[in-house]
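okay, sequence plus prediction incoming.
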Amino acid sequence: MSQENSEAEASAPEAIRIVLADDHAVVRSGLRMLLDSEAGLEVVAEASDVEGAARYVRGHHPHVLVLDLNMPGGSSLAAIPVIRAESPGTQIVVLTMQQEPAFAREALGSGALGYVLKEAADEELVEAVRRAAVGESYLNPGLGARIASEPPPGPPDDLSEREVDVLRLIALGHTNAEIAEQLFLSVRTVETHRSHIQQKLRLSSRAELVGYALERGLIAR
């Protein structure tokens with residue numbers, strides 16, 4: 001190999017490594033063909049459920065995880081902050097059929113950088129992946145316009161913003177210890193917030209809190 005070729009290879013940018021997670025094999029096959037056909041993109045693993053997506057991210061530490069919202073093995077939304085914490089260098093692009101702004105807000109609020117609708121994947125996914133790899137966000141334009149036209153949601157029923165954060169994580173099934181870790185609080189502080197939430201809302205059980213969070217759009221159905 002000539003010195004010029006060696007220098008060219010050494011200076012070539014690293015390919016954007018991608019883990020692709022969708023529970024439909026046909027969809028994954030099509031998406032893989034789309035991504036692998038683009039210069040500088042490389043799918044390194046495929047997963048069919050949430051657990052597999054998290055496992056492959058831990059094993060490969062890809063630049064980008066393309067994550068379907070509706071898969072078996074747990075909540076993709078709940079998995080987003082966990083995966084980001086385990087592999088901070090991996091950005092997440094959500095690929096979904098869910099067109100409701102609440103889903104997009106929840107995904108982006110949980111730590112995803114991109115939100116792409118499956119019906120527009122051919123046109124948008126490559127751009128979303130490339131943007132995410134360099135730390136830039138991407139939101140489906142139609143959804144972005146709908147979100148921009150809606151009034152910003154405020155804390156409901158006299159809850160503080162921190163109490164809303166705690167309530168959302170409770171509704172997503174996290175324990176007090178897990179909430180404390182994610183929000184950088186002590187477990188005792190989380191317990192205090194939980195008590196205040198229950199007093200303000202006059203709700204006592206986790207099931208009631210989940211129902212409230214769903215009704216107020218704090219978590220996706």
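Right, received. Where do you want to start? Residues are numbered from 1 along each chain as shown.

what's in contact with whichever helix in the chain runs longest?
Across the chain, the helix with the greatest residue count (assigned by DSSP state H) is helix 187-201. Contact with helix 187-201 is made by 157-159, 162-163, 166-167, 170, 176-177, 179-180, 183, 185, 203-204, 209, 212, as judged by Cβ atoms under 8 Å, 6 or more residues apart in numbering. C-betas here are computed from N, CA, C, even on glycine.

which strands and helices sit next to the one helix or strand Phe103 maps to?
Element membership for Phe103 (DSSP states H and E) is helix 101-110. Helices and strands touching helix 101-110, by 3 or more Cβ pairs under 8 Å, 6 or more residues apart in numbering; DSSP states H and E, are helix 76-86, strand 91-96, strand 114-117, helix 141-149.

low-confidence regions, this protein specifically.
Low-confidence segments of the chain (pLDDT under 70): 1-12, 150-156, 220-221.

what's around Glu14, how many residues?
A count of nearby residues for Glu14, using other Cβ atoms under 10 Å, gives 9.

any idea how far Pro62 is from it?
Remark: distance between Glu14 and Pro62 (Cβ to Cβ, to the nearest Å) = 11 Å.

how about Leu209?
35 Å.

pipe the helices and strands packed on helix 101-110 into JSON lines and attach distance to Ala53 and mean neighbour count per row.
Below are the helices and strands packed on helix 101-110 laid out as JSON lines (distance: least, Cβ to Cβ, whole Å; neighbours: other Cβ atoms under 10 Å):
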{"stretch": "helix 76-86", "distance to Ala53": "7", "mean neighbour count": "19"}
{"stretch": "strand 91-96", "distance to Ala53": "9", "mean neighbour count": "25"}
{"stretch": "strand 114-117", "distance to Ala53": "15", "mean neighbour count": "24"}
{"stretch": "helix 141-149", "distance to Ala53": "22", "mean neighbour count": "13"}
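
lovely, talk soon.
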